[in-house]
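Peer 1: next come a sequence and a model predicted from it.
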Amino acid sequence: MPKKIIGFSKLSRVEKIDWLTKNILDNSNQVKLLLDNYLNSNNDIQTIHDSFSENSISNFYLPYSVSPNFLINDKNYTIPLVTEESSVVAAVSNSAKFWFNKGGFKSKVKSFIKRGYIYISFNGKIDILKDFIEKNRADILKSTYNITKNMKKRGGGISAINVVDKTDDLKDYYQLSIDFNTSDSMGANFINSCLEAMSKKIEELSRRYEPFIVNNFSINIIMSILSNFTPDCIVEAYAECEIKDLIAIDDIDPNEFANKMKYAFDIAKIDINRAVTHNKGIMNGIDAILIATGNDFRAVEANVHAYASLNSKYESLSQCTILDNKFRLSIEIPLSVGTVGGITDLHPLVKLSLKMLGNPSSRDFMCIVASVGLAQNFAAVKSLITSGIQKGHMRMHLINLLIKKNANEDQIKRAKKFFVDKEINNYSVNEFLKLNP
Ligand code: MEV
């Protein structure tokens, strides 16, 4: 076990690697070589990547893929995707192709408010606190002037301040709930900066507010931070077709397919065991586009799963309905995403991803992301109710298995042909390699 090290972040990259290999990795030269091999040969690009995080010692690659034929609101998109799961891109691409001739995906933003909170403890009643905020509203807002100036020019800013009484849940606990429009940015920095400026001002004003002084009331600001839960920043997407147009799916009668799909979606609505996996399938696509566009996928994950629990039990995020011979899939999710700010102006591939999407506004981007999630969802459930997931998954995983078993290029080529109509698993791949040295 290594001794505690002080000042690790101050070491140079080479010193950090020296420490790591000496103390944890058997002083291995191979480790140093591996880390060097993953550096970018272009110094400028490497410098950009080094700047994203503390203590970085190399780069960590994931495949950068694209999925064409995504018709969303009558526009044909090619979607950039970053994922390590081998079957995700193939599946979503099939789904996009399937829906292309059926009108594609339709999507719209239903609401666009993000919220930040100042969490306070106050030893008085709500009306007194509300009075204080009302009387000082202009000054409180003025404290954010320098931060909101540019955002206002882009149509954003602060749209409401509300006082919420939470004293039934926790003694003296109140919230100042503040509504924001962050235009095309996700807005985390903007919201948090505004909240911190407002908090400072509130503290200062409260100390000289006469009714507080006379009655011995005081505001204690506990913390100020945006909420990643955005139930008023909602996008919906759907895809629909006549049941008879489901004709080409794995030789299954279209009515049978539609009913089985609906039943699978209904199970996900009422059964948490299925709902979590169903939603994970949606997030396979959503996370992949979020990573490719430099968005905060952890924030979106947290948001979406909280939303899935809104009815006091965890439910699936998407629905399947059959009405008048129409088969329809739909999804409604909260999405707080951005197409400017963050690393969107810094990461060369993020810039490329956004360009590929036509540099969308954040509202258009919400529509794209929701549609990708729904497409991924359709692909997964379609496999599950027909061939099963393993067939496609293992076909994509075959190359990984072969590489893990040190197969050479020729063996990989032959294996791809051999396994076209055969079951792929650890045993069958081993047997193939034995018989095909
Ligand atoms: C695998 O990554 C995702 C699925 O499990 C999703 C689902 O079951 O709907 C296939």
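Peer 2: Cool, got the structure. Predicted model, so just to flag it, every value in this text is computed and none were measured.

Peer 1: from the chain's centre, how far out does the strand or helix carrying L354 sit?
Peer 2: Per DSSP states H and E: L354 is located in helix 348-356. Here helix 348-356 is found 17 Å from its chain centre; the criterion is CA atoms, centre = their mean, to the nearest Å.

Peer 1: what are the ranges of the strands in the stretch 1-150 of the chain?
Peer 2: Assigned by DSSP state E, counting those that start in this stretch, the strands in the stretch 1-150 of the chain fall at 64-72, 75-82, 106-109, 114-122.

Peer 1: just put those strands in CSV and tack on mean pLDDT and distance to L401.
Peer 2: For every residue, glycine as well, the C-beta is placed using N, CA and C. Converted to CSV, the strands of the stretch 1-150 of the chain look like this (pLDDT from 0 to 100; distance: least, CB to CB, whole Å):
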stretch, mean pLDDT, distance to L401
strand 64-72, 98, 20
strand 75-82, 98, 22
strand 106-109, 98, 37
strand 114-122, 98, 44
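
Peer 1: between those strands, which one is nearest to the ligand?
Peer 2: strand 75-82 (13.6 Å; CB to the nearest ligand atom).

Peer 1: show me what from the stretch 1-150 of the chain comes close to the ligand.
Peer 2: Proximity of the stretch 1-150 of the chain to the ligand, by CB under 6 Å from any ligand atom, involves residues E85.

Peer 1: quick one: the helices in the stretch 1-150 of the chain?
Peer 2: Using DSSP state H, counting those that start in this stretch, the helices of the stretch 1-150 of the chain run over 13-23, 29-37, 43-50, 88-100, 126-142, 145-153.

Peer 1: can you map out the helices along the stretch 151-300 of the chain?
Peer 2: Going by DSSP H, counting those that start in this stretch, the stretch 151-300 of the chain shows helices at 188-207, 210-215, 254-270, 272-292, 297-308.

Peer 1: which residues does the residue in the stretch 1-150 of the chain that the ligand sits nearest to contact?
Peer 2: Residue of the stretch 1-150 of the chain nearest the ligand, by CB to the nearest ligand atom: E85 (5.7 Å). The contact partners of E85, taken as CB atoms under 8 Å, 6 or more residues apart in numbering, are N284.

Peer 1: ok so, going back, and the helix holding L354, what does it pack onto?
Peer 2: For helix 348-356, the contact count by 3 or more CB pairs under 8 Å, 6 or more residues apart in numbering; DSSP states H and E identifies strand 75-82, helix 272-292 as packing neighbours.

Peer 1: on the C-terminal side of it, identify the next helix or strand.
Peer 2: helix 362-385.

Peer 1: what mean pLDDT does the next helix or strand after that next one have?
Peer 2: Sequence-wise, the next helix or strand downstream of helix 362-385 (DSSP H and E) is helix 389-404. Mean pLDDT, computed over helix 389-404, is 82.

Peer 1: for the chain, give me the ranges with low pLDDT.
Peer 2: The chain contains residues with pLDDT under 70 at 248.

Peer 1: how does it look with 80?
Peer 2: Counting by pLDDT under 80, the ranges of the chain that qualify are 247-251, 389-396.

Peer 1: TSV for the strands of the stretch 1-150 of the chain, including mean neighbour count?
Peer 2: Compiled in TSV, those are given as follows (neighbours: other CB atoms under 10 Å):
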stretch	mean neighbour count
strand 64-72	19
strand 75-82	20
strand 106-109	18
strand 114-122	21
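
Peer 1: same list (the ones you listed) but as a markdown table, adding distance to I5.
Peer 2: Rendered in a markdown table, the data for the strands of the stretch 1-150 of the chain read as follows (distance: least, CB to CB, whole Å):
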| stretch | distance to I5 |
| --- | --- |
| strand 64-72 | 35 |
| strand 75-82 | 32 |
| strand 106-109 | 48 |
| strand 114-122 | 36 |
